[in-house]
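Student: what follows is a predicted structure for the sequence shown.
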Amino acid sequence: MARGVCRGKILFIKDLVTYESANPAQLQQEFEAAVEDYLETCELLKREAAKPFRGQFNVRIPPGLHRAAALRAAEDGVALNDVVVKALDAFLCISSEINNHVHVTVSDSEQQFGTFTSAASEKPIWKGISVH
């Protein structure tokens, strides 16, 4: 802002590639020129240009969740990949925070045995105790 220029850099690669322009309208053009320059430099140095993302990654999930996602895909008539994309999109784009805390006090008429607390993001610490 102090210099009165628009600038940017390519993220998620190990090399530093920056670009700038005097106004926002030229920024795309400068970005494309910076990418071309980067590719030419890599070619001159005889090394492979870094690519930010391929659009593929492996995910390890519990078998039950895998089954539930596959069933949802079948119910919706879509590919399992579509279910995963929608789930990630919902997780990343919905701006809401849920703070659920559960407090359970276990006692009988004569003595208190203890209070257990669990947050929604944690496994319950009273697992195995029946709460009625």
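Tutor: Ah, there it is.
Student: contacting residues for the closest residue to Asp37 other than its chain neighbours?
Tutor: If the residues on either side of it in the chain are set aside, Asp37 comes closest to Val17, at 8.0 Å by CB to CB, 6 or more residues apart in numbering. For every residue, glycine as well, the C-beta is placed using N, CA and C. Going by CB atoms under 8 Å, 6 or more residues apart in numbering, Val17 touches 9-10, 34-35, 37-38.
Student: and the gap between Val17 and Ser109?
Tutor: The span separating Val17 from Ser109 equals 72 Å under the rule CB to CB, to the nearest Å.
Student: could you do Leu44 as well?
Tutor: Relative to Ser109, and taking CB to CB, Leu44 is found at 84 Å.
Student: out of those two, which sits in the busier spot?
Tutor: Between Leu44 and Ser109, counted using other CB atoms under 10 Å, the more crowded position is Leu44 (8 against 4).
Student: what average pLDDT does the helix or strand in which Gly64 is found get?
Tutor: In this structure, Gly64 sits in helix 63-76 according to DSSP states H and E. Averaged over helix 63-76, pLDDT sits at 95.
Student: wait, what's in contact with the spatially closest residue to Leu16 that is not a sequence neighbour?
Tutor: With sequence-adjacent residues excluded and distances taken as CB to CB, 6+ apart, Leu16 is closest to Lys9, at 6.8 Å. For Lys9, the contact set (CB under 8 Å, 6+ apart) comprises 16-19.
Student: give the residue spans of the chain that score low on pLDDT.
Tutor: 1, 95-103, 107, 111-132 (pLDDT under 70).
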